[in-house]
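[1] prediction below, plus the sequence it came from.
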Amino acid sequence: MVIALIVSGGKGVRMGSAIPKQFLELAGVPVLIRTLMAFDAVDEIDHLVLVLPEQYFSYFRELGYKPEKPLVLVPAGKERQDSVRNGLLKASDLDEDSVVVIHDGVRPLVSAETIRMGIRHALEYGAAACGVHPKDTIKGMDDKGFSSGTLDRNRYLMIQTPQCFRTKEILKGHDEILKQRRMVTDDTMVYEESFGPVYLYEGEYANIKITTEEDLLLAEQILSRK
Ligand SMILES: Nc1ccn([C@@H]2O[C@H](COP(=O)(O)OP(=O)(O)OP(=O)(O)O)[C@@H](O)[C@H]2O)c(=O)n1
Ligand SMILES: C[C@](O)(CO)[C@H](O)COP(=O)(O)O
């Protein structure tokens, strides 16, 4: 089984909106619903696991979104990594031998092809994540604020989601991170710690994370060209 794990349990502090940013409308449709629609449309995915702040379960249900695939709600944790782990426990209950596609609920512009490539690469290599090369020159900076060299940007990726793994492995990795009380910003860090390198493939610049108001405006522009 392939399970999409959509983490949408954040508060959206940087957006500063009255409701969490995942519920803000993007061209008339809530950001989170757009994300779910993208995954519901991918044949390779069997089940949707959605992590939400528990106090927003009824808000979500009242939106009336009915995907074709089965969808289960899971309560969020304090940090993103806690929310991911909660979702992984549910994914493991559904099928411990599943492949899991972890995605931010606030990346609504992800394409079916980027999702499919992640699943394909994870089946082949065990773990896969997409990203895009930086468009600017990347400099190192010393303690006093002076440049300390220039990196080869072709060797660097700004990592996005989806990130795909075997559920059993990434859950084990998260258990280890929890035991060590380490903070991580994404799930490739978790996998690397316990299992080694993650296969990286090129995603899309359009697959932006809605973090601040400018991102919402940019997403509207991108959508209007689709
Ligand atoms: N405890 C948390 C924190 C974050 N997320 C999710 O992780 C994704 C990426 O996080 P980010 O953009 O940082 O979202 P927020 O935490 O909501 O934003 P902020 O840091 O501005 O509060 C989002 O889909 C967010 O909902 C989550 O599921 N559980
Ligand atoms: C997982 C992620 O979207 C990959 O770019 C990112 O690391 C989330 O970071 P944030 O600190 O939660 O914004």
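    That came through, no problem. The model shown is predicted, which means the values in this text are computed figures rather than measured ones. Ligands and ions are numbered 1, 2, ... in the order given.
[2] can you give me the helices in this protein?
    31-40, 57-62, 80-94, 112-125, 167-179, 187-194, 213-224 (DSSP state H).
[3] with ligand 2 as the reference, name the closest of the ones you listed.
    Nearest to ligand 2 among the helices of the chain is helix 80-94 (5.0 Å), distances taken as Cβ to the nearest ligand atom. Using the backbone N, CA and C atoms, a C-beta is placed for each residue, glycine as well.
[4] give me the residues contacting that closest one.
    Applying Cβ atoms under 8 Å, 6 or more residues apart in numbering, the contact partners of helix 80-94 are 1, 3, 5, 7, 9-10, 47, 49, 51, 72, 74-77, 98, 100, 102, 167-168, 170-171, 174-175, 177-178, 183-185, 187, 190.
[5] could you list which of those residues also contact ligand 1?
    Restricting the contacts of helix 80-94 to those adjacent to ligand 1 (criterion: Cβ under 6 Å from any ligand atom) gives 7, 9-10, 51, 76-77.
[6] pull the most distant pair out of the residues you listed.
    10 and 77 (10.5 Å; Cβ to Cβ).
[7] go through this protein and flag its longest strand.
    For the chain, the strand with the greatest residue count under DSSP state E is strand 158-166.
[8] before we move on, back to that, whichever of the contacts of helix 80-94 end up buried, select them in ChimeraX.
    Buried residues among those (16 or more other Cβ atoms under 10 Å), as a ChimeraX selection:
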select :3,5,7,9,10,47,49,51,74,75,76,77,98,100,102,167,168,170,171,174,177,184,187,190
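[9] check contacts around residue 202.
    130-133, 157.
[10] got these as TSV, with neighbour count columns?
    Output for the contacts of residue 202, formatted as TSV (neighbours: other Cβ atoms under 10 Å):
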residue	neighbour count
130	24
131	19
132	16
133	13
157	17
